[in-house]
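Undergrad: quick one: sequence plus predicted model below, questions after.
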Amino acid sequence: MKNIHRILPVYIIFNILLSYQIKAQIFSKGKLTDTVICVNHSDQSYTLYLPSAYSQKTKWPVILIFDPGGQGTAAVQAFKKAAEKYGYILACSNNSKNGPLNNNFTAAGYMLNDLAQRFSINNRRIYAAGFSGGSRFALALASTNNFIEGVIGCGAGLPNDQNLTPTEKSSFVYYGIAGNRDMNYLEMFDLMTFFNNNTQVISYLRTFNGGHQWPSPEILQEAVEWINLQAMKKKIADADTAYYSYCFKKIKTQVNNLETTGNQFDAARYLRYAIRDFSGEPIIREMTKSLAAIEQSKDYIESNREWNNIASLERIRNENYMSMLGNVVSSGSVPDTAAAWWNKEIGSLVIMKNSSNLRNSQMASRLMNFISILCSEQGTSYFRQKKYNISEFLFKICTWSDSENMNNYYNLARSLSGLNKKQEAVEELNKANELGYNSKKNIETEPAFNNIRNDAKYKLLMLKMK
């Protein structure tokens, strides 16, 4: 049974009795407002976007956005183009971020409560969106609150808490987006299967060339266009023949481009979505024939076989990586052979990433991304436990698997300093600075660096920083 505090009370959201006067505040239309302080909850805030055409006389759909780092402005900016074109209110919590989900439910409740008091919103068209951990939370919010009409999930799927996953009664719409070099790429494909087999959720997966990142404004616009289409089909938005034609032509062009470039696998996938989404339309007959022709082609059969082989291999390697790391950290000691093995393994992945085989290259990127995130999360945990020998090992792996990430070198420097390896710590801190780490305040207030305050090279580094 779900914990009741995780479910946003409907009476708070929709049946608000205004017993106080909301302070007058003017919000610019067509521009972002970086910080809107929630009425009577000054510790909660969100970034807001009102479309240029906004008027209190109309009920407007809303997208509640959740960023893993609580970076409201950047997240809203990514959706701004679509919100302006199609008339959506955007709001991204500055309090919701990776961490305890109860805090995120609280932040979401206060944000939506505040929006309902200040603006004219369409209660039947409230959507949730997020990236990475924010994507997992957006899905958890929809799974536990039936007023969420749909989700735009980017770069991550199901919540880690099984009590917050969709059930057989879940019937919202879901538009997933994942980069083909994102470590959660396969997970997003698995999510589509989960929806089809276990829920009433109508889902769509849009992939793009990229890694673990917010998608481009153009792709997010496609997501908004798709949820508009689903709203029309469910009769909670006015049907528009011209809009149907626009969406159909757009997907047809996308499929044609994929076929031209030899990507039969994705061409067939998008055609299946289109046949489902435009069921009943005369043009479906032509699309069904096109799909049959692709699925019978030699290129598709080979592409599908290669995809299944890559997916199987990637899953096996991920499981192997987790097992090997688990063996080391559970022992509490790091043998020289472990570091040597990881250095060699990541070296082979770098070669694969730079190879001419695109599928292998993409898989190598995802595996390296997976290793880096896994080691970073575990390294942070062991650093907090002051188990610096383990955190040093894990963050060293991070610098090999994600060598351009300044935070990996900063975290490695903290662990080395904790082990009283002063010279090495300063060297890694310098590498972090060379890659752009420039927060003098963070370094000066970090207790782990107390061991190296008197080091001449450390002092020189401090002089260079702001």
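TA: Received it, and whenever you're ready, just let me know what you need. Numbering: from 1, shown residues only.
Undergrad: from residue 58, how far out is residue 26?
TA: As judged by CB to CB, to the nearest Å, residue 26 and residue 58 stand 19 Å apart. No exception for glycine: its C-beta is placed from N, CA and C like everyone else's.
Undergrad: comparing the two, which shows the higher neighbour count?
TA: Using other CB atoms under 10 Å, the more surrounded residue of residue 26 and residue 58 is residue 58, with 10 against 6.
Undergrad: list of residues touching stretch 404-413?
TA: Residues from elsewhere that reach stretch 404-413 (CB atoms under 8 Å, 6 or more residues apart in numbering): 372, 376, 379-380, 383, 391-392, 395-396, 398-399, 402, 425-426, 428-429, 431-433, 435-437, 449.
Undergrad: can you select the buried ones among those for me in PyMOL?
TA: Only the buried entries of these go into this PyMOL selection, using 16 or more other CB atoms under 10 Å:
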select buried, resi 372+376+379+383+391+392+395+396+398+399+402+425+426+428+429+431+432+433+435+437+449
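Undergrad: pLDDT below threshold where in this structure?
TA: Within the chain, the segments meeting pLDDT under 70 span 1-25, 466.
Undergrad: run the last query once more with 90
TA: Counting by pLDDT under 90, the ranges of the chain that qualify are 1-28, 39-42, 69-72, 97-102, 262, 279-287, 328-336, 438-440, 463-466.
Undergrad: show me what counts as buried in the strand ranked longest in it.
TA: In the chain, assigned by DSSP state E, the strand with the most residues is strand 121-131. Within strand 121-131, the residues that count as buried by 16+ other CB under 10 Å are 121, 122, 125, 126, 127, 128, 129, 130, 131.
Undergrad: tell me the two of the residues you listed that are most distant?
TA: Maximum pairwise distance among the buried residues of strand 121-131 (CB to CB): 24.0 Å, between 122 and 131.
Undergrad: just to revisit the earlier point, neighbouring strands - and their directions - for the longest strand of the chain?
TA: strand 60-66 (parallel), strand 148-154 (parallel) (DSSP bridges).
Undergrad: and the first one, how far out from the chain middle?
TA: Remark: strand 60-66 is offset 16 Å from the chain centroid, using CA atoms, centre = their mean, to the nearest Å.
Undergrad: could you shift the numbering so residue one becomes 17, and keep it that way?
TA: From this message on, residue numbering opens at 17, which makes the last subject strand 76-82.
Undergrad: if we can go back for a sec, mean neighbour count and distance to residue 344 added to the strands paired with strand 137-147, as CSV?
TA: Supplementary listing: these in CSV, determined by neighbours: other CB atoms under 10 Å; distance: least, CB to CB, whole Å:
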stretch, mean neighbour count, distance to residue 344
strand 76-82, 25, 34
strand 164-170, 26, 32
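Undergrad: can I get these in CSV including distance to residue 359?
TA: Listed next are these as CSV, based on distance: least, CB to CB, whole Å:
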stretch, distance to residue 359
strand 76-82, 37
strand 164-170, 32
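Undergrad: residue 153: which of the ones you listed is closest?
TA: Here strand 76-82 is closest among the strands paired with strand 137-147 (CB to CB), at 5.1 Å.
Undergrad: could you dump that closest one to CSV, C-alpha only?
TA: Taking C-alpha atoms only, strand 76-82 is exported to CSV below (Å, rounded to 0.1, in the frame of the first residue of the first chain):
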residue,chain,number,x,y,z
TRP,A,76,-4.1,26.6,-19.8
PRO,A,77,-2.4,23.2,-19.8
VAL,A,78,0.6,23.0,-17.4
ILE,A,79,3.9,21.1,-17.5
LEU,A,80,5.5,20.6,-14.1
ILE,A,81,9.2,20.0,-14.6
PHE,A,82,11.7,18.3,-12.3
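Undergrad: contacting residues around whichever helix or strand comes after that strand?
TA: Using DSSP states H and E, the helix or strand that follows strand 76-82 in sequence is helix 88-102. Residues from elsewhere that reach helix 88-102, judged by CB under 8 Å, 6+ apart: 46, 48, 50-51, 61-65, 67-68, 79, 81-83, 104-110, 145, 147, 150, 230-234, 236-237, 239-241, 244.
Undergrad: can you give me the strands in this structure?
TA: 48-54, 57-65, 76-82, 105-109, 137-147, 164-170, 189-195, 218-224.
Undergrad: could you dump those strands into TSV and include distance to residue 348?
TA: Formatted as TSV, the strands of the chain follow (distance: least, CB to CB, whole Å):
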stretch	distance to residue 348
strand 48-54	45
strand 57-65	40
strand 76-82	37
strand 105-109	39
strand 137-147	35
strand 164-170	37
strand 189-195	36
strand 218-224	41
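Undergrad: of these, which is nearest residue 352?
TA: Of those, nearest to residue 352 by CB to CB is strand 189-195, at 35.5 Å.
Undergrad: buried sites along the biggest helix by length in the chain?
TA: For the chain, the helix with the greatest residue count under DSSP state H is helix 314-347. Buried positions in helix 314-347, judged by neighbour count with 16+ other CB under 10 Å: 316, 319, 326, 330, 333, 334, 337, 341, 344, 345.
Undergrad: out of the residues you listed, who's nearest residue 282?
TA: residue 319 (9.0 Å).
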